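J.: Fold the following.
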Amino acid sequence: MDFVGFQLRNNLFVAPMAGVTDRPFRQLCKKMGAGLAVSEMVTSNSLLYGSAKTLRRANHEGEVAPISVQIAGADPAMMALAARHNVDNGAQIIDINMGCPAKKVCNVMAGSALMQDEELVGKILDAVVSAIPNTPVTLKFRTGWNLANRNAPTIARIAESAGVRAVAIHGRTRCQQYTGEAEYDTIAMVKTLIRIPVIANGDISTPEKARHVLDVTGADGIMIGRAAQGRPWLFREIEHYLKTGEQLPPAEVREIHTILLEHLEGLYAFYGPETGFKVARKHISWYTKGLVGSAAFRKEMNVLPSIDQQMQAVHDFFFRLAEEHQHLKYNSEEALAA
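T.: Predicted coordinates:
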């Protein structure tokens, strides 16, 4: 796919998720079939540029191009400075966050709260696009603020007029958070109104759902977030299905064991032993969610005090699983929905 001047492997995007899409996860998703992975949200507050968290989020060492960095904030001048700062530090695409529904973000009028102020949206987009004229700017937002105010079409037109090169839209309003089901009619409408690429996001957890969303929206690509947590091989499953119309066989236990170990090693190296050990817990939980016999394992794993014991517990669980089943076996299909 040709996307804002870059040739991507396909039209499958990893959604930016705070606390999830760190460099090890982005690298793994790209390896497993994603065309582009957007970074965790980086603050526009210059006072935090030197903080450990911000420096980690801006670390793209060894990452496959293109490198897309998401910035968040509500002040046009600060957002422009943040865009320049991240481009100077390796970003090749700047993505603007107007989709995050979290209270701590919306309470400072950033993220999806910005959709309430269309004039400010325009000022922020103009400022960022002007600040980095040689770097493409993309925008992620929602269908609207609430069900009575689905203003995504207006925001999309503002974005295109400002010079934004592509938009990604989550099929819920800010007030819906992640409740209920995503709707795709608004995304389909936006696709008919603008000429820049439109990426559809929300509740895409299977290859069949990916095909359905592309068909009903006419979108140029799809963005996957929560469904890829603990299941990064979902991207290759979707890629294969979109190309052939056929399902790949279920993932083999031994391969997923290897993938998880590689992911854990990446987390330990990226965060350091103490923090990496803690971050690894949630990823192990996601990888094993819904697997037969996994509940007791997760309970035990979450109280282990060291990396060595954590790794040994993972080994023991997957060796036992491999003796019983060649392929991953889930208690129910609900475990695959995220």
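J.: can you give me the helices for the stretch 201-338 of the chain?
T.: 207-217, 234-244, 253-271, 273-288, 294-301, 307-324 (DSSP state H, counting those that start in this stretch).
J.: With respect to these, which exhibits the lowest mean confidence?
T.: Among those, helix 294-301 has the lowest mean pLDDT, at a mean of 92.
J.: I'd like to know which of the helices of the stretch 201-338 of the chain lies nearest to residue 166.
T.: helix 207-217 (14.3 Å; CB to CB). C-beta here means a position set from N, CA and C on the backbone, and glycine is covered the same way.
J.: Could you check the angle that closest one makes with helix 234-244?
T.: Helix 207-217 runs at 60 degrees relative to helix 234-244, counting by axes from the mean of the first three to the mean of the last three CA atoms, to 10 degrees.
J.: Pretty sure residue 169 sits in a strand.
T.: Yes: the assignment for residue 169 by DSSP: H, G, I helix; E, B strand; the rest coil puts it in a strand.
J.: Do I have it right that it meets residue 196?
T.: No: in this structure, residue 169 is not within contact of residue 196 by CB atoms under 8 Å, at 12.0 Å.
J.: which of the two has more neighbours?
T.: residue 169 (29 against 16; other CB atoms under 10 Å).
J.: Could you pull up the residues touching that one?
T.: 99, 140-143, 152, 156, 186-187, 190, 198-201 (CB atoms under 8 Å, 6 or more residues apart in numbering).
J.: could those residues go into JSON lines alongside distance to residue 25?
T.: Shown next, in JSON lines, are these (distance: CB to CB, whole Å):
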{"residue": "99", "distance to residue 25": "19"}
{"residue": "140", "distance to residue 25": "17"}
{"residue": "141", "distance to residue 25": "23"}
{"residue": "142", "distance to residue 25": "23"}
{"residue": "143", "distance to residue 25": "26"}
{"residue": "152", "distance to residue 25": "28"}
{"residue": "156", "distance to residue 25": "28"}
{"residue": "186", "distance to residue 25": "29"}
{"residue": "187", "distance to residue 25": "25"}
{"residue": "190", "distance to residue 25": "28"}
{"residue": "198", "distance to residue 25": "25"}
{"residue": "199", "distance to residue 25": "19"}
{"residue": "200", "distance to residue 25": "21"}
{"residue": "201", "distance to residue 25": "17"}
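J.: Might you specify the subset of these located within strands?
T.: 140, 141, 142, 143, 198, 199, 200, 201 (DSSP state E).
J.: Which of the residues you listed sits closest to residue 114?
T.: Out of these, the member with the shortest distance to residue 114 (by CB to CB) is residue 141, at 8.0 Å.
J.: picking that back up, I'd like the ones in strands among the contacts of residue 169 as JSON lines, with neighbour count appended.
T.: Below are the ones in strands among the contacts of residue 169 laid out as JSON lines (neighbours: other CB atoms under 10 Å):
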{"residue": "140", "neighbour count": "27"}
{"residue": "141", "neighbour count": "27"}
{"residue": "142", "neighbour count": "28"}
{"residue": "143", "neighbour count": "31"}
{"residue": "198", "neighbour count": "22"}
{"residue": "199", "neighbour count": "24"}
{"residue": "200", "neighbour count": "27"}
{"residue": "201", "neighbour count": "26"}
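J.: Mind putting these into a markdown table with distance to residue 62 and pLDDT?
T.: A markdown table is the format used below for those (distance: CB to CB, whole Å; pLDDT from 0 to 100):
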| residue | distance to residue 62 | pLDDT |
| --- | --- | --- |
| 140 | 25 | 97 |
| 141 | 30 | 96 |
| 142 | 33 | 95 |
| 143 | 36 | 94 |
| 198 | 31 | 98 |
| 199 | 25 | 98 |
| 200 | 30 | 98 |
| 201 | 27 | 97 |
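J.: Among the residues you listed, pick out the one closest to residue 212, please.
T.: residue 200 (10.3 Å).
J.: Pretty sure the closest one sits against residue 225.
T.: No: Residue 200 sits out of contact with residue 225 when judged by CB under 8 Å, with a separation of 12.0 Å.
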